[in-house]
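In: Prediction below, plus the sequence it came from.
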Amino acid sequence: MKSVFLEKSLGLDIREDSISLTLIGRKLRLAEVLAGEFIDLKLLTGKDEKAEKHFLDQVNRFLVEQNTWPESVIVSLPRSLVMFKTFELPAPDMKAVESMVEFELERHFSSGLDDLYYTYQLNQKSGNIFHIASAAIKKETANYYLELIKKLNLKPTVLDISTFANSNLALLQESKNSAVTALIDISPRALEIVLIKKGILEFSRNRTWENTDIKDIYLGKHKSSDRLNNVSESTTKLIISELEQALSSCRNIEANESIEHIFISGGGTLAPRVIKQLEKETQVSTQFISIPDSVSPVLPESFSSYHMMTALSLAIRDSRKTNFETNLLPQNLRPKRRKANPKTSLALAAILVLCLVGWIGNQIHYNNKTLASLNGQLEEIKGEVSNLEKIDLEYISIQQYVDILNAINKQHPPKLPLLGRLSQSLPKDTWLTNIKFHKGEMEIKGFSPTASKLIPLIEKSPSFKKAGFVGTIIRESTGEKFTIRAKLESSL
């Protein structure tokens, strides 16, 4: 069954004398690598028509073989042609630093910005310090490559450099606890050293190989094991030397800090040997950049990780959120995002309609089944409902009688239990001359040797509350004459 893709994207990693291509198809969740190719070129200088024709013929052949002209085209230009700068800016917030950054770029790129295509990445460090990693290329140089790509009937959506593309892959695999990470990009003509500290690109340096045999070994033209070992050893030594220089040159890496992890990109047939020797010499964990989780692990035979990882990172750029959203293309040269493909939209709409119809049909069937079950239960209980209605009427009638009796009891509580509790509360040397119960209250009159002690005794009884004297206590020859009122507990 032929796969259906939401969009196809092409990554073109252009180097001085080579190009890597990776074509992907984007699905809802994963991107699938459809094809890849590494093409050896003559040096593109703008003066060699044969070299340009070879470039156009080979890329065009790839597109024809894949029978596609992709919607997204992401291109990286040779790192040696790009000026790279990093610096810090103090600012109160992101909005303020964005208004200042172009002025600062003018200062760092001495030729000025008028003749440059430039891009930058902002990252906030501790406090109100913002880190800027910027890249710029002469318009004349960039336009030369853009014109070549235009002849292929391709419209670049993003113009980038390998530094940012490879760093995006490295940061996906970087340990959260890693302080300083090194990224080594080995191409047939040059070596790039990148230092990343806590997710921020601090340093980048590019140098051309002095040993011209590296390209042939990179392409696998030399099969001699001894020759491969010798070149990989010399390459490893040079990389270690460049790393040491990079650490000493990077002002944001302290003297007591060291590289904790090394990623390798590119390298061709040299890559496995360089990784092994570099880890042995430095005692630092070293690995090749791997395929990200957003890409299907099933790869075509035409794709080579040791040649096309940068191109892959470019190709998946528009299908996911990346750490570095850089683009050297000015706004006026960026193509507008295409409208949705009608065929794809119709197919998705048809699938959605079918799903909705199926869901609605299932709901109707379920509702009908439920309704039939409820009707059956209703018929069963209809006979019992009439009996229940009679019971309800009898219950209501009895409840009314109970309410009437409770009201009477509240207004005229039974006297005998109250008199019993009152006699238990009062001392033997106290006698009463009058007792009255009315509307939830009790009033007693009488004589006692010490009338003041009667209130606490009465309130100790659960039948009375809020007891108190009415009027004053009168002392007579027979004792203290008193009148006491108390509330009756409503529960009685």
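Out: Perfect, I can see it now.

In: Report how many residues lie close to G46.
Out: Residues lying near G46 (other CB atoms under 10 Å) number 13. For glycine as for every other residue, the C-beta is placed from the backbone atoms N, C-alpha and C.

In: Name the next helix or strand downstream of the least confident helix or strand in the chain by mean pLDDT, please.
Out: Within the chain, no helix or strand scores below helix 342-411, which has a mean of 73 by mean pLDDT, DSSP states H and E. Later in the chain than helix 342-411, the nearest helix or strand by DSSP states H and E is helix 415-425.

In: Can you spell out which helices and strands pack onto the helix or strand following that next one?
Out: Where DSSP H and E defines the elements, the next helix or strand beyond helix 415-425 is strand 431-438. Under the contact definition 3 or more CB pairs under 8 Å, 6 or more residues apart in numbering; DSSP states H and E, strand 431-438 sits against helix 415-425, strand 441-448.

In: got the domain boundaries for this protein?
Out: 7-338, 341-411, 415-488 (automatic domain parsing).

In: Which of these comes out lowest on mean pLDDT?
Out: Note on the domains of the chain: lowest mean pLDDT is at domain 341-411, with a mean of 73.

In: tell me the most buried of the helices and strands packed on strand 431-438?
Out: Most buried of these by mean neighbour count (mean count of other CB atoms under 10 Å) is strand 441-448; its value is a mean of 18.

In: and that strand, what other elements does it pack with?
Out: helix 415-425, strand 431-438, strand 479-488.

In: How about residues contacting the last one?
Out: Taking contacts as CB atoms under 8 Å, 6 or more residues apart in numbering, the residues outside strand 479-488 that touch it are 413, 418, 437, 440-451, 454-455, 458-459, 463-471, 473-475.

In: Give me the buried subset of the residues you listed.
Out: Neighbour-count burial (16 or more other CB atoms under 10 Å) applied to these gives 413, 418, 437, 442, 444, 446-448, 451, 454, 458, 463-464, 467.

In: now these in JSON lines, with distance to K138?
Out: Formatted as JSON lines, the buried ones among the contacts of strand 479-488 follow (distance: CB to CB, whole Å):
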{"residue": "P413", "distance to K138": "107"}
{"residue": "L418", "distance to K138": "110"}
{"residue": "F437", "distance to K138": "111"}
{"residue": "M442", "distance to K138": "109"}
{"residue": "I444", "distance to K138": "113"}
{"residue": "G446", "distance to K138": "118"}
{"residue": "F447", "distance to K138": "121"}
{"residue": "S448", "distance to K138": "117"}
{"residue": "A451", "distance to K138": "114"}
{"residue": "L454", "distance to K138": "111"}
{"residue": "I458", "distance to K138": "107"}
{"residue": "S463", "distance to K138": "105"}
{"residue": "F464", "distance to K138": "104"}
{"residue": "A467", "distance to K138": "104"}
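
In: quick revisit: minimum distance to A51: which of the helices and strands packed on strand 431-438 has it?
Out: For the helices and strands packed on strand 431-438, the distance to A51 is smallest for strand 441-448, at 116.6 Å, taking CB to CB.

In: Can I get that closest one in CSV, CA atoms only?
Out: Listed next in CSV are the C-alpha coordinates belonging to strand 441-448 (Å, rounded to 0.1, in the frame of the first residue of the first chain):
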residue,chain,number,x,y,z
GLU,A,441,-41.1,27.7,79.6
MET,A,442,-41.3,26.7,83.2
GLU,A,443,-41.8,29.1,86.1
ILE,A,444,-41.4,28.1,89.7
LYS,A,445,-41.9,30.0,93.0
GLY,A,446,-40.9,28.9,96.5
PHE,A,447,-38.6,29.2,99.5
SER,A,448,-35.0,28.0,100.1
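
In: starting at the chain centroid, how far to that strand?
Out: 80 Å (CA atoms, centre = their mean, to the nearest Å).

In: Give the partner strands of that strand in its sheet and their orientations.
Out: Neighbouring strands of strand 441-448 in its sheet, by DSSP bridges, are strand 431-438 (antiparallel), strand 479-488 (antiparallel).

In: Quick one: work out the angle between the longest one and helix 415-425.
Out: Between strand 479-488 and helix 415-425, the angle comes out at 130 degrees (axes from the mean of the first three to the mean of the last three CA atoms, to 10 degrees).

In: ok, and for strand 479-488, which residues are buried?
Out: Buried residues in strand 479-488, counting neighbours by 16+ other CB under 10 Å, are found at G479, E480, K481, F482, T483, I484, A486, L488.

In: Give the bridge partners for the fourth one, please.
Out: Beta-bridge partners of F482, counted by DSSP bridges, are G446.

In: about what we covered before: how about the helices and strands packed on strand 441-448, which one is nearest R317?
Out: Evaluated over those, closeness to R317 peaks at strand 479-488, with 84.6 Å, by CB to CB.

In: export the closest one as PDB, just CAs?
Out: Written as PDB, here are the backbone C-alpha positions of strand 479-488 (Å, rounded to 0.1, in the frame of the first residue of the first chain):
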ATOM      1  CA  GLY A 479     -36.100  31.400 104.000                       C
ATOM      2  CA  GLU A 480     -35.300  33.200 100.800                       C
ATOM      3  CA  LYS A 481     -38.300  33.700  98.600                       C
ATOM      4  CA  PHE A 482     -37.600  33.300  94.800                       C
ATOM      5  CA  THR A 483     -39.100  33.100  91.400                       C
ATOM      6  CA  ILE A 484     -37.200  31.200  88.700                       C
ATOM      7  CA  ARG A 485     -37.800  30.800  84.900                       C
ATOM      8  CA  ALA A 486     -36.200  28.200  82.600                       C
ATOM      9  CA  LYS A 487     -36.600  27.200  79.000                       C
ATOM     10  CA  LEU A 488     -37.700  23.600  78.300                       C
END
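
In: List the contacts of N168.
Out: By CB under 8 Å, 6+ apart, the contact set of N168 is S313, R317, T322, N323, F324.

In: Most neighbours out of the residues you listed, which is it?
Out: S313 (30 neighbours).

In: Then that residue would be within a helix, right?
Out: Yes: counting by DSSP: H, G, I helix; E, B strand; the rest coil, S313 is part of a helix.

In: and the closest residue to it other than its chain neighbours, which of the three is it?
Out: Spatially, and ignoring its direct neighbours in sequence, S313 is nearest to A165 (4.2 Å; CB to CB, 6 or more residues apart in numbering). Secondary structure state of A165, per three-state DSSP, is helix.

In: what about A165, neighbour count?
Out: Residues within reach of A165, counting by other CB under 10 Å, total 28.

In: quick one: it from T322, how far?
Out: Look at A165 and T322: by CB to CB, to the nearest Å, they are 9 Å apart.

In: Spatially central residue for this protein, please.
Out: Compute the mean C-alpha point of the chain, and by CA atoms, centre = their mean the closest residue is K321, 10.1 Å away.

In: give me every residue that touches it.
Out: Neighbour list for K321: empty [criterion: CB under 8 Å, 6+ apart].

In: Which strand residues bridge K465?
Out: When bridges are called by DSSP bridges, K465 pairs up with K487.

In: Just confirm it contacts E459, I think it does.
Out: Yes: using CB atoms under 8 Å, K465 is in contact with E459, at 6.5 Å.

In: Thanks a lot, see you next time.
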